[in-house]
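Participant: just coords:
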């Protein structure tokens, strides 16, 4: 089988590096183009990147010359993954889509546009149908699909099985988010050693609105947002990778038991699992029984970072239909690059690459 | 004025050290006795302690010889502060109370006994009246008063003004608790660098039940527990000192505005402030307006560690009567030794030292 | 080929866990026995261990039942690896050696005994000949071989090529040692967050004397200690794994250039490499050219933790024959379990298993 | 007495904030002008600064409006303290000196100019005589005096008593330097959590050359550099404040005993002490006897940050005239702003303010 050629825009950032990790020996995709900011163009990837996820970048991509972020660079590839900084993402992505490119993007621009699919693959793969709406409405040859904000991606993966089994009326979530979520230069060490920053710009708003869209129902040519009430409080902690979320969920129906809830999490499988997509985790939601898990350092990279790990599922004292639990996920993989790659795999299988 | 002689049991632990800091040049109290475990008896305090709160312990107490934790050691003092480990606290405290001693204790034993006052001074000073019930019921010459669990002490200081102004129906709180809360040997570095431990033994239960008792109403000879529903999720983070709590509160009445809520916090004053007790903070609850405060490293020691600092007061999207905010307090001072010293000051002014 | 049966004593500690990682799918060795302290005996390994090196211990060993640390437990194995705490190591190891067992041990007892080989495989494999002296002198059927202290193991791997090329007259080394070197319970978080502890018990003495023995010359039936002067200053830093050492070396002969020195490091190969032992790194000493490497988080696990990484090789201004450099190594692998496994592989190839 | 009016250039940086702390209630100096970069001009200091050294900046200076970094801003002050970034320091300082201003500067430009005094007050106050050389040579009305690089300031304070007592032939120093030394934005958290960066740009060179100048002898109109050989290896560690240095010193004469060395440190006093300058520490060098001190978190702020703390004084095994020890100092106070303020106090007492 001939491989599908792919590019990563913004390949030297933390999420860009995750794309490289996930794509460099992908069975379907061939990583051909890596772009970065102007001053890095022409360098070998290994020289251009401040690699953060192991000693060195994968040898296979070290020699790739970094390209300019432009249509010219990607004109021969089939899928463009975007990890661009939001300041430039919007204009670049639109231009590429107009000129026929398929973009799977991690940046927040357009996520809430009614004709842009915002996809957490196991949760709302069917929203991909918005692609047709988008192309029709905008008259683009290509199209844009978005993966969710990291915190939202991790959260909704656990809300979906609860929604299916019991219905969900409200969610309160307090996060303990990793430094990598802010990007390499995002948090100064003087600010975070022996400290917590109880604020992340626009994060709570993203959790609120993206959750409602992702859990919404596709009706005709639009998504009817979920009526679930969501309230988030987001905090940065001195942890390198892995967002930990403390979740209180009011259900519509009281579960028989906590074991039943745990089973709902553990048995949750969806289209990516059924299709055995290469990047799909076998278990999207893993439940640890220990009293003190999940912990970021130990549980952040499970099934190559594509599973989230739940722990401490218990009743919440505030209502007899309310449960609380912890969920942890790799913010840069499950919450970013990994979700995007999984979307691209869905696009292929569902025939969206040859519209 | 002759000073009131006081002792600290368990004076070498982290909370014991806070007692020493608060008492060594106290205007009313004279720190005369420091006790510790057997192998330290007879040493100078400066030799016995692994001092954690500055370069060295205060010079004034460095030369005090450490005593055995026994009645003999404290028989000449007027107030005994207890920072004993819970394994031995119960039996020691009972013995001393039987033999006429007044004990203000930070350990959790007896906190929920119906005749034991569990006091967060600004919140429920009136519960001190249980002392008479206790002495009558138990036939003791002395008595025991407890300060709350650290997380609860910090939380209830913010709930009280809300309760008074709006009524509170439910509270969900996710904590990010400091290492000092577990004691000097409580958390191994291998467990917490680049990590979070999302579990603290018995902490959530303490928050649930102690909050209801503290916010309860004294009726005749007992406390009618508050009907507020409380649900906590407690987590240990790599921060040395200062518990940060993310709080969602459902009120009975919708406030006019968030500014009104802030004003309720800021204007909250209680008996310790009116009596101008030496250890009372001028403002028990301080509100920071910055978008990213409170932060543990900067806000944990305000008004000598006796104030809690609130920030990010905002509406919660889950209900139109619900607000959310962050609160930070020194777990070892406001949440432990400081609350106890403030209780002792109340005891003096209220005449409980000469029953 | 039938596999050689092996046991790990003290298999639940941090070094014990590294033994498990290195041995569980070893081509020559079959991990059959894991021992731990009394209260863990009979538990499955996965229940007995607080696993630190990834999410979970390898599945293959999770089901092994933990044995008592005794002769009975290991009587059927061929090689016993010891990661026992030093308090009990000496007596256990002697008993086993007397009763015919071959012990490769990480604990410090006996390391300086004249008839005990202290082996850093690439540096002084020929000292294994002391085994015969030991058996003869002590009348034991089995024998004991020791791997070096972690800091010394890492250091001597870089000193050996310098010694061979230029001769070494003196070494001054300042260390920045990882928390794992102190064991799981070795450093309390209250002591090390935002801090350094500039003292590690007996560490400097070990570096001094072990370096001289390891770099010494086997003469007849004893090791003539090296005359190199060694002075160490050892410090604990808030890093989980990987000892970083700042080394100043006075050479006997001035190198032509720093590139020549770097080449000496890079070309250093020894018997384990020639024999292609399974655990031998291809390059025992790797040199990074970047100005700011090696760094613990990125360079600690290279070639499965068996290589050390050198950086910043430069002239030292104190003498025209002096150089300085940084070296980093995995203290629990190269500096402990990995060295021991490599020794065992040498023992096999050299015929010591069938004396 | 009328107070001497002073300005701080670059007052919002970490060192600028230290200047503010040291000057805001100084007995001789009146802090009148605070300058910062363009976008902050006109703001109140409390709005312009991201205050790092406590909850809030001192109230007394919070209301001062931030000025532009220009001659106009400082034309009415008597002393200008400079904590400017090195990129702009040189031109600003020269302009001000030309126009008659007295500048005491922390930036590295000009430090090695032969007519610029580089002063660590207790070590080489007599080098202030270069001021006359400078003014004569350059024809300036004002003049520039420099305090040393932080690492050098801390180091030389311990070398001076050794030099006086025993003579020093060579110094090897390995540092563990705090994050604050790199400035607020100097080290990203992603780079330093669970890590060490074994390189600090130009730091080793500064230590080499500045040490020789500071320990040099003023002869006629120039400083004869010390012949001491100095070799440094500089490393950044995850510590907020306080540089820890591991020092090996070859002396010209063997001390009688280590106690004698300790006495040399402890008895070291110099002109600032004799003159009882307000910012002078009583003991410039404090020696701790504990086996595990100095430690940054506990020993970094001693005598208001103006003393350095020595520990673990011991013989070095490399030579019978060599000793080794640890020294810790506040890099932003003793190693920067504090040294500068002490210089200014010397200038006043020595009559340099009215040349």
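Facilitator: Arrived safely, thanks for sending. Note that the coordinates shown come from a computational prediction; the quantities given were computed from them, not determined experimentally. Numbering: from 1, shown residues only, chains lettered A, B, ... in the order given.
Participant: buried stuff in stretch A:84-101?
Facilitator: A:84, A:88-90, A:92-94, A:96-97, A:101 (16 or more other Cβ atoms under 10 Å in any protein chain shown). C-beta here means a position set from N, CA and C on the backbone, and glycine is covered the same way.
Participant: and these as a markdown table, adding pLDDT, secondary structure and distance to chain D?
Facilitator: Output for the buried residues of stretch A:84-101, formatted as a markdown table (pLDDT from 0 to 100; DSSP: H, G, I helix; E, B strand; the rest coil; distance: Cβ to the nearest Cβ, whole Å):
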| residue | pLDDT | secondary structure | distance to chain D |
| --- | --- | --- | --- |
| A:84 | 97 | coil | 19 |
| A:88 | 93 | helix | 21 |
| A:89 | 94 | helix | 21 |
| A:90 | 94 | helix | 26 |
| A:92 | 97 | helix | 25 |
| A:93 | 97 | helix | 26 |
| A:94 | 97 | helix | 31 |
| A:96 | 98 | helix | 29 |
| A:97 | 97 | helix | 32 |
| A:101 | 97 | coil | 31 |
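Participant: wait, residue A:341 sits on residue A:26?
Facilitator: Yes: under the criterion of Cβ atoms under 8 Å, residue A:341 makes contact with residue A:26 at 7.4 Å.
Participant: quickly list what's touching both of these two.
Facilitator: residue A:279 (Cβ atoms under 8 Å, 6 or more residues apart in numbering or on different chains).
Participant: before we move on, back to that, would you reformat the buried residues of stretch A:84-101 as JSON lines and include distance to residue C:235?
Facilitator: Formatted as JSON lines, the buried residues of stretch A:84-101 follow (distance: Cβ to Cβ, whole Å):
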{"residue": "A:84", "distance to residue C:235": "43"}
{"residue": "A:88", "distance to residue C:235": "45"}
{"residue": "A:89", "distance to residue C:235": "45"}
{"residue": "A:90", "distance to residue C:235": "50"}
{"residue": "A:92", "distance to residue C:235": "48"}
{"residue": "A:93", "distance to residue C:235": "50"}
{"residue": "A:94", "distance to residue C:235": "54"}
{"residue": "A:96", "distance to residue C:235": "52"}
{"residue": "A:97", "distance to residue C:235": "55"}
{"residue": "A:101", "distance to residue C:235": "54"}
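Participant: and of the residues you listed, the nearest to chain C?
Facilitator: For the buried residues of stretch A:84-101, the minimum distance to chain C (Cβ to the nearest Cβ) is 25.6 Å, reached by residue A:84.
Participant: how about the closest one, nearest residue that isn't a chain neighbour?
Facilitator: residue A:10 (4.2 Å; Cβ to Cβ, 6 or more residues apart in numbering or on different chains).
Participant: and what of residue A:54?
Facilitator: Per Cβ to Cβ, 6+ apart, closest to residue A:54 is residue C:298, 7.3 Å.
Participant: following element in sequence after the strand or helix carrying that neighbour, please.
Facilitator: In this assignment (DSSP states H and E), residue C:298 forms part of helix C:296-299. From helix C:296-299 onward toward the C-terminus, using DSSP H and E, the following helix or strand is strand C:308-315.
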